[in-house]
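Colleague: from the sequence below, what's the structure:
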Amino acid sequence: MPETLLSPSNILLFGRVLEDLVIRTQPKDKAGSKGGEGGSLGTSGQLEQQLRSEGAAFARIYGYGQNGLYHVLPRPALFLVHGQGEPASRVHSGLGREGGGDQTQGIPMPLDDLRVWSYDKADYSIRMNMQSGTVEQLLQGGSRSRSRRGMSMRGMSINNNSTKE
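Modeller: Just a heads-up that it's a prediction; the model follows:
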């Protein structure tokens, strides 16, 4: 990506388009969205425009580039992107690694099929965090070892399931 006066405002998203997730939008009614006579409920409808724009798709993003540094996301997340993106191999070599170290650490290899999308840091988008597990684990926030204590303070704990005899 070329260096320009606005480059410090750019964020580069590195990932792959999900082929099995398709965006389907409903046609707008005569009054706009669900807002009735006044139009849409939001003030500007930016997210709706992003979803409806041609080439909109969701990609699994592994990391991002900002101010010349590559940052690895703790867990990949799904982001709304537009178009097929640029080949990451062309862009990634120009980025340093946050904190130094191996520049390819945390990046899915090979870079051949990894893509990059450029957005302004003030753009609106959608992020979806993916998690899998049993229904029970997902409902409990993914934690298997949930504490059963109702209250805990220094030197004392009160259990919800305890009964005094």
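Colleague: hmm, A88 is touching V116, no?
Modeller: Yes. With contacts counted by Cβ atoms under 8 Å, A88 reaches V116, the gap being 4.7 Å. For the C-beta atoms, the positions are set from N, CA and C on the backbone; glycine is no exception.
Colleague: could you name every residue contacting both of the two?
Modeller: Common contacts of A88 and V116, defined by Cβ atoms under 8 Å, 6 or more residues apart in numbering, comprise F14.
Colleague: what's the longest strand in this protein?
Modeller: Assignment by DSSP state E gives strand 69-82 as the longest strand of the chain.
Colleague: next, the buried residues of that strand.
Modeller: The neighbour-count check on strand 69-82 (16 or more other Cβ atoms under 10 Å) flags 70-71, 73, 76-81 as buried.
Colleague: other SSEs contacting that strand?
Modeller: On a contact count with 3 or more Cβ pairs under 8 Å, 6 or more residues apart in numbering; DSSP states H and E, strand 69-82 meets strand 10-17, helix 46-52, strand 56-66, strand 96-97, strand 127-128.
Colleague: for N10, which non-adjacent residue is spatially closest?
Modeller: Closest residue to N10 in three dimensions, ignoring its sequence neighbours and counting by Cβ to Cβ, 6 or more residues apart in numbering: S118, at 5.3 Å.
Colleague: just say helix, strand or coil for that neighbour.
Modeller: What DSSP: H, G, I helix; E, B strand; the rest coil gives for S118 is strand.
Colleague: contacts only, for it.
Modeller: 1, 10-13, 86.
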